[in-house]
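Peer 1: just coords:
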């Protein structure tokens, strides 16, 4: 399995991109929907035509949630 983390500032479409690529909603908390921004790590995955699985770690892009962002991006071998 390949793991890719998102990277970027708030409102740059990271969650929307993950949603479009996987068909899954990466924002898990009601507060995220209310605020319109990711505040905690979100996860989504999809199968490629080759049968390989790709997982995405959707991370917050706001300085107030930098610790959550680092927790999600740190162990990922690739960022988007």
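Peer 2: Sure, I can see it. No experiment lies behind these values; they were computed from the predicted model shown. Numbering: from 1, shown residues only.
Peer 1: flag every buried residue along the helix or strand of the chain with the lowest mean pLDDT.
Peer 2: Least confident helix or strand, the chain: helix 66-73 with a mean of 82, by mean pLDDT, DSSP states H and E. Neighbour-count burial for helix 66-73 flags 68, 69, 72, 73 (criterion: 16 or more other C-beta atoms under 10 Å). Quick note: C-beta positions are derived from backbone N, CA and C, even for glycine.
Peer 1: of these, closest to residue 58?
Peer 2: Nearest to residue 58 among those: residue 72, at 7.7 Å, using C-beta to C-beta.
Peer 1: list the contacts for the nearest residue to the closest one once chain neighbours are set aside?
Peer 2: Closest residue to residue 72 apart from its sequence neighbours, by C-beta to C-beta, 6 or more residues apart in numbering: residue 59 at 3.9 Å. Each residue near residue 59 by C-beta atoms under 8 Å, 6 or more residues apart in numbering is listed here: 5, 6, 7, 14, 38, 41, 42, 68, 69, 72, 73.
Peer 1: try residue 19
Peer 2: The contact partners of residue 19, by C-beta under 8 Å, 6+ apart, come to 25, 26, 44.
Peer 1: what pLDDT is listed against the first one?
Peer 2: I take that to be residue 25. What the model reports as pLDDT for residue 25 is 92.
Peer 1: tell me the secondary structure at it.
Peer 2: With DSSP: H, G, I helix; E, B strand; the rest coil as the basis, the three-state label of residue 25 is coil.
Peer 1: tell me the spacing between the residue nearest to residue 72 and residue 49.
Peer 2: 27 Å (C-beta to C-beta, to the nearest Å).
Peer 1: follow-up on the earlier one: now distance to residue 54 too, for the contacts of residue 59, in TSV please.
Peer 2: Shown next, in TSV, are the contacts of residue 59 (distance: C-beta to C-beta, whole Å):
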residue	distance to residue 54
5	12
6	13
7	16
14	15
38	19
41	17
42	15
68	22
69	20
72	16
73	16
